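**Student:** How does the following fold in three dimensions:
(one chain, ligands or ions: 1)
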Amino acid sequence: MSTNTKPQLSTAFKKEVFEGLTNSPKYLSSKFFYDKIGDKLFQDIMALPEYYLTNAEYDIISNNTEAIGELFRDRENGMDMIELGAGDGKKTKVLLKYMAGNNFNFVYKPIDISENAVELLANNLAKEMPALNVDAEVGEYFEVLERLKGYDKRKKVIMVLGSNIGNLEHHKAIEFLSKLKDGMRGDDLLFMGFDQKKNPQTILDAYNDSSGITEAFNKNVLMRINKELGGNFQPEKFIHWETYNPETGTAKSFLVATEAMSVTVEKINLTVTFDEWETIHTEISQKYDDATVQWLAQQANLTIETYFTDDNSHYKNYVFRK
Ligand code: AVJ
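**Tutor:** Numbers count the residues shown, from 1 in each chain. The predicted structure is shown next:
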């Protein structure tokens with residue numbers, strides 16, 4: 001396994017925490033949820049009955065494995081599969097097994113912001129699929145895109161599952177898609193999952209589960225600030241609050257201060273005050289419809305080749321081409 005760690009992550013963390021907590025209104029990026037504890041909490045979220053996204057996408061991939069796999073195949077030269085935000089790889093493994101079992105010649109390159117997740121996945125694949133050629137990497141989406149240029153010798157398929165794109169506001173999503181497009185050759189494909197608009201209650205329940213795991217996940221960013229930056233947040237003084245706007249399709253997560261307080265973060269020399277009921281915005285989880293995905297694709301100069309969906313149309317995986 002080759003894991004390429006990002007030494008400056010802690011300084012990026014410092015800088016962004018400072019910016020977010022001194023802004024009005026306050027915010028912290030959802031990319032900071034994912035340390036070892038956050039990864040475990042996200043695994044627990046994926047296993048929640050309310051969090052329909054993972055099962056929907058797993059079903060889509062399982063029910064269409066051959067169709068998807070054959071879209072990816074290049075019989076002459078082989079192909080490479082690059083996955084951004086690979087996580088635990090549960091859904092991808094279905095495709096990897098099909099490809100490995102049907103004489104695909106390929107390298108699997110999983111990339112994730114969590115060093116812990118990348119390591120677990122690489123170890124797991126080495127054990128479960130020892131013949132697989134894996135080239136794992138740690139990094140943020142926008143940075144690792146640059147390093148994909150090495151994967152230009154043969155057809156590549158870029159995968160972004162889990163509706164991870166939903167963490168980006170539309171203008172950022174377009175920037176992301178455009179950069180992906182810039183790294184694609186004519187026969188390359190982009191396979192991407194987009195959670196769909198649906199009954200607003202279903203969405204609220206998915207992000208506000210009754211067992212409190214999503215609450216703990218949301219508060220994990222405060223725990224990380226305490227641990228890594230010498231903060232003294234009292235997470236129990238914040239409530240997890242989820243909103244969903246069915247018009248825009250935007251689900252938003254907040255932490256809301258239940259009393260006035262002041263918080264110090266030693267390593268960035270920062271003391272901030274909170275008014276009672278002041279908010280920290282922590283995440284957006286955008287929901288889509290065909291028209292919106294079509295618009296994003298067109299803005300990024302990509303075309304939609306086809307898509308796969310589940311029985312309820314709760315979720316869709318689109319195949320894009322340059
Ligand atoms: C991993 C970004 C797709 O937004 O649905 C789950 C993260 N946040 N529950 C999502 C998450 C709260 C998840 N993504």
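
**Student:** which is the next helix or strand following the lengthiest helix in the chain?
**Tutor:** Ranked by number of residues, the top helix in the chain under DSSP state H is helix 213-229. Note on helix 213-229: by DSSP states H and E, the next helix or strand toward the C-terminus is strand 238-245.

**Student:** tell me which element the residue in the chain that the ligand sits nearest to is part of?
**Tutor:** Going by C-beta to the nearest ligand atom, the ligand is nearest to Ser285 of the chain, at 3.3 Å. For every residue, glycine as well, the C-beta is placed using N, CA and C. Following DSSP H and E, one finds Ser285 within strand 279-286.

**Student:** Give me the helices and strands touching that strand, please.
**Tutor:** Packing contacts for strand 279-286, counted by 3 or more C-beta pairs under 8 Å, 6 or more residues apart in numbering; DSSP states H and E, involve strand 26-27, helix 213-229, strand 250-257.

**Student:** count of neighbours near the nearest residue to the residue of the chain closest to the ligand once chain neighbours are set aside?
**Tutor:** Leaving aside its sequence neighbours, Ser285 sits nearest to Ala251 (C-beta to C-beta, 6 or more residues apart in numbering; 4.3 Å). Per other C-beta atoms under 10 Å, the neighbour tally for Ala251 reads 23.

**Student:** Next, the contact list for Ala251, please.
**Tutor:** Taking C-beta atoms under 8 Å, 6 or more residues apart in numbering, we find Ala251 in contact with 203-204, 207, 242-245, 284-287.

**Student:** same deal with Glu215?
**Tutor:** Here Glu215 is in contact with 208, 239-240 (C-beta under 8 Å, 6+ apart).

**Student:** pLDDT score for it?
**Tutor:** Glu215 is assigned a predicted lDDT (pLDDT) of 98.

**Student:** sorry, back to before: settle this for me: the residue of the chain closest to the ligand is touching Asn208, isn't it.
**Tutor:** No. With contact defined as C-beta atoms under 8 Å, Ser285 does not reach Asn208; the gap is 11.6 Å.

**Student:** ok, and the closest non-adjacent residue to Glu128?
**Tutor:** Glu128 sits nearest to Lys93 (C-beta to C-beta, 6+ apart), 7.6 Å away.

**Student:** Am I right that the one you found falls within a helix?
**Tutor:** Yes. Per DSSP: H, G, I helix; E, B strand; the rest coil, Lys93 lies within a helix segment.

**Student:** now the helices for the protein?
**Tutor:** For the chain, the helices defined by DSSP H cover 9-22, 36-46, 52-63, 65-72, 90-101, 115-128, 141-147, 170-182, 200-206, 213-229, 290-299.

**Student:** hang on, the earlier thing: tell me if the longest helix of the chain is near the ligand.
**Tutor:** Yes. Helix 213-229 reaches the ligand (C-beta under 6 Å from any ligand atom) through 214, 217.

**Student:** tell me which residues in that helix are buried?
**Tutor:** 213-226, 228-229 (16 or more other C-beta atoms under 10 Å).

**Student:** ditto for stretch 90-97
**Tutor:** Within stretch 90-97, judged by 16+ other C-beta under 10 Å, the buried ones are 90-96.

**Student:** Then stretch 111-121?
**Tutor:** 111-118, 120-121.

**Student:** again, but for stretch 51-63
**Tutor:** So stretch 51-63, judged by 16+ other C-beta under 10 Å, has buried residues 51-61.

**Student:** Return the residues in contact with the residue with the largest distance to the centre of the chain.
**Tutor:** Here the chain reaches farthest from its C-alpha mean at Ala260, the gap being 33.0 Å by C-alpha atoms, centre = their mean. Contacts for Ala260 (C-beta under 8 Å, 6+ apart) come out as 273-276.

**Student:** Turn the contacts of Ala251 into JSON lines, including distance to Leu132, neighbour count and pLDDT.
**Tutor:** Shown next, in JSON lines, are the contacts of Ala251 (distance: C-beta to C-beta, whole Å; neighbours: other C-beta atoms under 10 Å; pLDDT from 0 to 100):
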{"residue": "Ile203", "distance to Leu132": "36", "neighbour count": "24", "pLDDT": "98"}
{"residue": "Leu204", "distance to Leu132": "39", "neighbour count": "14", "pLDDT": "98"}
{"residue": "Tyr207", "distance to Leu132": "34", "neighbour count": "23", "pLDDT": "98"}
{"residue": "Glu242", "distance to Leu132": "38", "neighbour count": "20", "pLDDT": "98"}
{"residue": "Thr243", "distance to Leu132": "42", "neighbour count": "13", "pLDDT": "98"}
{"residue": "Tyr244", "distance to Leu132": "39", "neighbour count": "21", "pLDDT": "98"}
{"residue": "Asn245", "distance to Leu132": "42", "neighbour count": "11", "pLDDT": "98"}
{"residue": "Ile284", "distance to Leu132": "34", "neighbour count": "16", "pLDDT": "98"}
{"residue": "Ser285", "distance to Leu132": "31", "neighbour count": "21", "pLDDT": "98"}
{"residue": "Gln286", "distance to Leu132": "32", "neighbour count": "22", "pLDDT": "98"}
{"residue": "Lys287", "distance to Leu132": "34", "neighbour count": "23", "pLDDT": "98"}
